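Q: Sequence unavailable; structure follows:
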């Protein structure tokens, strides 16, 4: 199995655009030539995603055979995962399902694609603390295909890992843990095309939102199950029974490295809110913003632990969360559980779970649209009370175990 350069793969994981990605390639993996006084590079890493017609046919045989199987007894699962430098919502979803399988007595193996040595430590320590069944799980970093252990089921979790799973055939069933349309992580070009190609591999999909299932089924003819975003209410909960009298503190999920989270739009909007209401405290978390030219008194907390994040949410009256891809994310629901009034951009695919005027405010993705939404919250305690109450109702409608059981039944073919 070919290895992926750490900077290139990490950039993809963090959802950098392909322009940023190609700018950061490892010179040792590229050809260099001169044109005038400038150097140019050919990214040789693209070859890692090559495959043959034979690979496709063997993959199709395995996928179709599993679909037709009467019995799907699962003893072990191979998870093909990318490196990850920190624990965040998407990674938590992957390991939450792995833990659920572990509680069913199924053994989890993690096939790590990448060069970041901290990934194994995170699996063993941070994730092991939260998910006891994952302690002692076997991990393999960039193994050759023939050294990956047999497992009844193997699951890709990111588009680049889908290429590894395509060629791995010592398994009975192949699945794709889909958390977004990952073609949207890049500008149109070779990288978006490589991501898009994986949705044609025929893997059965385990999707983290109903809009993603609908998209995978209708666009690519795939088979999939969807589980709904849930909240760990032992961690994310409100310490008050009604909203505070005044809107005094606003939170913004700030990730400049992720275009789908609308960082610039969010900052411009918050700067205007601060000018209009200097008494409101505005705080951000999610990235180090020390070197960004952000104007006004906005407090940046950077990267936080899950416990500190939950405490921060409880201290805020309202929050701005932007998402421009198919997945609404779990963060809006964690904020609702914490008593925050959520303002987010109106996006057709999100309307099935984010309901304007009931559990959140959906607004136009413009500075004025965002600012006017917060003005509504600022001027109406009644509106904030309704969002507070309905937000809490939203997050108790389902549980992680119920949603994981739905996915488990799909994988084992035991759904009703």
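A: On my side now, so go ahead. Being a predicted model, the structure only gives us computed values, none of them experimental.

Q: Residue 180 - how many residues pack around it?
A: By the measure other CB atoms under 10 Å, the count of residues near residue 180 is 22. Backbone N, C-alpha and C define where each C-beta goes, glycine included.

Q: Low-confidence ranges, this structure, go.
A: 1-37, 87, 416 (pLDDT under 70).

Q: can you tell me which residue is nearest the centre of it?
A: For the chain, the residue sitting closest to the mean C-alpha position, by CA atoms, centre = their mean, is residue 90 at 3.3 Å.

Q: What helix or strand is the residue nearest to residue 73 when sequence neighbours are not counted located in?
A: Leaving out its chain neighbours, the residue that sits closest to residue 73 by CB to CB, 6 or more residues apart in numbering is residue 152, at 7.0 Å. Per DSSP states H and E, residue 152 falls inside strand 151-156.

Q: what helices or strands is that strand leaning on?
A: Judged by 3 or more CB pairs under 8 Å, 6 or more residues apart in numbering; DSSP states H and E, strand 151-156 is in contact with strand 76-82, helix 159-167, strand 171-178.

Q: what's the closest of those to residue 59?
A: The closest of the helices and strands packed on strand 151-156 to residue 59 is helix 159-167. By CB to CB, the value is 5.4 Å.

Q: Out of the helices and strands packed on strand 151-156, flag the one nearest residue 303.
A: strand 76-82 (18.6 Å).

Q: ok, back up a step: give the contact list for the residue nearest to residue 73.
A: Residue 152 makes contact with 72, 73, 74, 75, 76, 77, 171, 172, 173 under the criterion CB atoms under 8 Å, 6 or more residues apart in numbering.

Q: For the residue nearest to the centre of the chain, identify the helix or strand it belongs to.
A: Using DSSP H and E, residue 90 falls in helix 89-103.

Q: from what I can see the residue nearest to the centre of the chain touches residue 182, true?
A: No. The criterion here is CB atoms under 8 Å, and residue 90 misses it with residue 182 at 10.8 Å.

Q: on that earlier part again, rebuild the helices and strands packed on strand 151-156 as a markdown table, extending it with distance to residue 355 and mean neighbour count.
A: As requested, those are arranged in a markdown table below (distance: least, CB to CB, whole Å; neighbours: other CB atoms under 10 Å):
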| stretch | distance to residue 355 | mean neighbour count |
| --- | --- | --- |
| strand 76-82 | 33 | 24 |
| helix 159-167 | 31 | 23 |
| strand 171-178 | 24 | 24 |
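
Q: Throw these into CSV and include distance to residue 216, thanks.
A: Converted to CSV, those look like this (distance: least, CB to CB, whole Å):
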stretch, distance to residue 216
strand 76-82, 18
helix 159-167, 13
strand 171-178, 6
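
Q: Pull out the buried residues from the strand holding residue 152.
A: Of the residues in strand 151-156, 151, 152, 153, 154, 155, 156 count as buried by neighbour count, 16 or more other CB atoms under 10 Å.

Q: again, but for stretch 358-366
A: 359, 360, 361, 362, 363, 365.

Q: Out of these, name the ones that lie in strands.
A: 361, 362, 363 (DSSP state E).

Q: which one of those residues is nearest residue 224?
A: residue 362 (25.7 Å).

Q: The closest one and residue 334, how far apart?
A: Distance, residue 362 to residue 334, using CB to CB, to the nearest Å: 18 Å.

Q: Kindly report the same for residue 205.
A: The value you get for residue 205 to residue 334, if CB to CB is used, is 24 Å.

Q: Likewise for residue 73?
A: 36 Å.

Q: Looking at the two, which one has more neighbours?
A: Each of residue 73 and residue 334 has its neighbours counted (other CB under 10 Å); residue 334 has more, 27 against 8.

Q: The more buried one touches residue 230, doesn't it?
A: No. Applying CB under 8 Å as the test, residue 334 and residue 230 come out as separate, 9.8 Å apart.

Q: how about the helices in the stretch 101-250 of the chain?
A: Using DSSP state H, counting those that start in this stretch, the helices assigned to the stretch 101-250 of the chain run over residues 118-124, 126-130, 159-167, 190-197, 210-220.

Q: And the shortest one, what's buried?
A: Judged by neighbour count using 16+ other CB under 10 Å, the buried positions of helix 126-130 are 126, 127, 128, 130.

Q: which residues touch the last one?
A: Residues touching residue 130, when contacts are defined by CB under 8 Å, 6+ apart, comprise residue 95.

Q: Residue 412 touches residue 77, doesn't it?
A: No. At 11.1 Å, residue 412 and residue 77 do not qualify as touching, with contact defined as CB under 8 Å.

Q: Could you list the domains of the chain?
A: 46-228+400-412, 249-395 (automatic domain parsing).

Q: Between the two ends of stretch 183-198, what distance do you get?
A: 10 Å (CA to CA, to the nearest Å).

Q: Tell me how far stretch 70-77 lies from the chain's centre.
A: 27 Å (CA atoms, centre = their mean, to the nearest Å).

Q: tell me how far the ends of it are from each other?
A: 19 Å.

Q: Same question for stretch 225-237.
A: First residue to last in stretch 225-237 (CA to CA) measures 28 Å.

Q: tell me the secondary structure for residue 57?
A: Assigned state for residue 57: helix (three-state reduction, DSSP: H, G, I helix; E, B strand; the rest coil).

Q: Tell me how far it lies from residue 51.
A: Residue 57 is 11 Å from residue 51, by CB to CB.
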